[in-house]
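Engineer: What follows is a predicted protein model with its sequence.
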Amino acid sequence: MPAGVAGRPNLNPGMTRLVRADRLAAELGVSGELHVKDDSGNPTHSFKDRVVAIAVEAARAFGFTTLSCSSTGNLAGAVGAAAARAGLRSCVFIPHDLEQGKVVMAAVYGGDLVAIEGTYDDVNRFCSELIGDPAGEGWGFVNVNLRPYYAEGSKTLAYEICEQLGWRLPDQLVVPIASGSQLTKIDKGLRELIALGLVEEKPYRIFGAQAAGCSPVSQAFKAGHDIIRPVRPDTIAKSLAIGNPADGPYVLDIARRTGGAVEDVTDDEVVDAIRLLARTEGIFAETAGGVTVGVTRKLLKDGLLDPEATTVVLNTGDGLKTLDAVASGSRPTAVIRPDLAAFRAAGLA
Amino acid sequence: MSVTVRIPTILRTYTGGAAEVTAEGSTLAEVLADLEKNHTGIGARVLDDTGKLRRFVNVYVNDDDVRFAEGLGTPTPDGAGVSIIPAVAGGC
């Protein structure tokens, strides 16, 4: 990572809380330590601030004047905010059907926001073509031509998790998969800490989590394949809705190398898991967090996760970004007149 | 059948810097073979040793990812646009 990244104006992401989740553990039948790495606490409320901080520093070094990205939503907000703080122009690209919260988050920082009529994979393809065109001259796409730098930012998740555990490796991690980049860089970060002697080497297992409506990596894992067949996404977990994940093959390699697995859950299970995490730990996760908690529950049920081990589950974004997922079941328990008789009559005393 | 092939920046060293070239063929496999004939070396960047599309390269015929169609057997009608795109992504 560029050494000067912290020295210039950036959003100062990271060092988010690692929550010891005893009540969730009890609910899931886990007797070992269960932790939630809650990255909703970043400046734009997702882990994307980490990767963008590195990409901005690289963009400065290359002399790019416009900061850009293809995004499923969270990244667009992180790029808009980071560009504003760095004094760069931004122009970001999203699929046209994103959640309102993410559209507002992407637009509010004053940069240009372009909605593409298509899926994320169409947006991605468009950006790849724009980069090779004179119209994209001088543009730094954080997740395309700055990708080698950008991706390294996810290693800070691994560093922090180990530090917050008292400089030890967890036994098991459950990580969401969209492109698969984050999972591969968490593995890299853990291996770097081992190589530096900052943690004691021991086996760890990395598990990947997808939504059933966009689960090309999970399908490939279960079928024993080492290539990914792209799918057309259809899930409420839009931040994970990448049908053609670039780092998918590497995720398969890591899950198999570490003795982990890749699993997926339905949208109903995602919503249940968001509610479970909120109810037991007071953490309101976005749909991607519902995916990791839901997959954790499923892996425990199937005996693939060890309930006695130290486990870290990632929540990569804030539930306020995906309110629609839980809005229908989250209403006032009662609507009453402001008097005690009405309160008693509602049966809540 | 003559088609237009869009070349990504990273492969333009094989096409003398051209962003678009024309190629002949009625299937993607034939188009790629013709491309290799005129721009030696480019084929190996798109296909692996066994002749399959590389894991990290996406190819579109018009707007369709060929992995959703018939892969290398995907028909390339006269005037079609073929795009070769290196795999990149955002999200988690």
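Structural biologist: Structure received. Residues are numbered from 1 along each chain as shown, chains lettered A, B, ... in the order given.
Engineer: For the helix or strand of chain B with the lowest mean pLDDT, which outside residues touch it?
Structural biologist: Here the helix or strand of chain B ranked lowest by mean pLDDT, DSSP states H and E is strand B:64-65, holding a mean of 86. Contacts of strand B:64-65 with the rest of the structure, by CB atoms under 8 Å, 6 or more residues apart in numbering or on different chains, involve A:121, A:230, A:244, B:58, B:59, B:74. C-beta coordinates here come from the backbone N, C-alpha and C atoms, glycine included.
Engineer: all helices of the chain, in order?
Structural biologist: Reading this off chain A. Assignment of helices within chain A using DSSP state H yields the ranges A:22-28, A:48-62, A:74-86, A:100-107, A:120-131, A:147-152, A:155-164, A:181-195, A:216-223, A:248-258, A:267-281, A:287-301, A:324-327, A:340-345.
Engineer: switch to chain B, that's the one I care about
Structural biologist: Counting by DSSP H, chain B has these helices, from start to end: B:28-38, B:42-46.
Engineer: send the alpha carbons of the last one over as CSV?
Structural biologist: Taking C-alpha atoms only, helix B:42-46 is exported to CSV below (Å, rounded to 0.1, in the frame of the first residue of the first chain):
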residue,chain,number,x,y,z
ILE,B,42,-3.6,-12.0,-29.8
GLY,B,43,-5.3,-15.5,-29.8
ALA,B,44,-3.2,-16.8,-26.9
ARG,B,45,-4.2,-13.8,-24.8
VAL,B,46,-7.9,-14.7,-25.3
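Engineer: Quick check: buried residues in it?
Structural biologist: By 16 or more other CB atoms under 10 Å in any protein chain shown, the buried positions in helix B:42-46 come out as B:42, B:43, B:45, B:46.
Engineer: What of stretch A:252-268?
Structural biologist: A:252, A:254, A:255, A:258, A:260, A:261, A:262, A:263, A:264, A:265, A:267.
Engineer: and which of the residues you listed is nearest residue A:285?
Structural biologist: Distance to residue A:285 across those (CB to CB) is lowest for residue A:265, with 13.2 Å.
Engineer: And that closest one, what's its pLDDT?
Structural biologist: pLDDT, residue A:265: 98.
Engineer: wait, doesn't residue A:64 sit right on residue A:136?
Structural biologist: No: under the criterion of CB atoms under 8 Å, residue A:64 makes no contact with residue A:136, lying 10.4 Å away.
Engineer: Just give me the neighbour total for the residue of the stretch 151-300 of chain A found nearest chain B.
Structural biologist: Among all residues of the stretch 151-300 of chain A, residue A:178 sits closest to chain B, at 2.6 Å; criterion: CB to the nearest CB. Look at residue A:178: counted by other CB atoms under 10 Å in any protein chain shown, it has 33 neighbours.
Engineer: and what of residue A:7?
Structural biologist: For residue A:7, the count of nearby residues is 9 (other CB under 10 Å).
Engineer: so where's chain B uncertain?
Structural biologist: Scanning chain B for pLDDT under 70 picks out B:88-92.
Engineer: mind listing the strands in it by residue range?
Structural biologist: Using DSSP state E, the strands found in chain B span residues B:2-6, B:20-24, B:57-61, B:64-65, B:81-86.
Engineer: Out of those strands, which is closest to residue B:38?
Structural biologist: strand B:20-24 (7.3 Å).
Engineer: so what's residue B:42 up against?
Structural biologist: The contact partners of residue B:42, by CB under 8 Å, 6+ apart, come to B:7, B:11, B:14, B:15, B:35, B:36.
Engineer: which one of these has the most neighbours?
Structural biologist: residue B:35 leads the contacts of residue B:42 on contacts (other CB under 10 Å) with 26 neighbours.
Engineer: Give the closest residue to that one in space, chain neighbours not counted.
Structural biologist: Leaving aside its sequence neighbours, residue B:35 sits nearest to residue B:23 (CB to CB, 6 or more residues apart in numbering or on different chains; 4.9 Å).
Engineer: and that neighbour, what does it touch?
Structural biologist: Contacts of residue B:23 by CB under 8 Å, 6+ apart are B:2, B:3, B:5, B:31, B:32, B:34, B:35, B:38, B:82.
Engineer: From chain A, how far out is it?
Structural biologist: As judged by CB to the nearest CB, to the nearest Å, residue B:23 and chain A stand 18 Å apart.
Engineer: Tell me the bridge partners for that residue.
Structural biologist: Note on residue B:23: beta-bridge partners residue B:3, judged by DSSP bridges.
Engineer: what's near enough to touch the most centrally placed residue in chain B?
Structural biologist: The residue lying closest to the centre of chain B (CA atoms, centre = their mean) is residue B:84, at 4.5 Å. Residues in contact with residue B:84 (CB under 8 Å, 6+ apart) are B:5, B:6, B:7, B:8, B:11, B:46, B:57, B:58, B:59.
Engineer: rewinding a little: mind giving me the ChimeraX select for the contacts of residue B:23, buried ones only?
Structural biologist: To isolate the buried ones among the contacts of residue B:23 in ChimeraX, judged by 16+ other CB under 10 Å, type:
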select /B:3,5,31,32,34,35,82
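Engineer: and of the contacts of residue B:23, the nearest to residue A:223?
Structural biologist: Distances from residue A:223 to the contacts of residue B:23, taken as CB to CB, are shortest for residue B:32 (27.0 Å).
Engineer: wait, that closest one sits on residue B:51?
Structural biologist: No: checked against CB under 8 Å, the pair residue B:32 and residue B:51 is beyond contact range at 9.6 Å.
Engineer: Overlap of the contact sets of the two?
Structural biologist: Common neighbours of residue B:32 and residue B:51 (CB under 8 Å, 6+ apart) are residue B:72.
Engineer: out of the contacts of strand B:64-65, which is most surrounded?
Structural biologist: Most surrounded of the contacts of strand B:64-65: other CB under 10 Å gives residue A:244, at 26 neighbours.
Engineer: Next, it: phi, psi?
Structural biologist: When read as degrees, to the nearest 10, the backbone of residue A:244 gives phi -130, psi 70.
Engineer: Confirm for me that it is in contact with residue A:227.
Structural biologist: No: here residue A:244 lies out of contact with residue A:227, judged by CB under 8 Å, at a distance of 11.5 Å.
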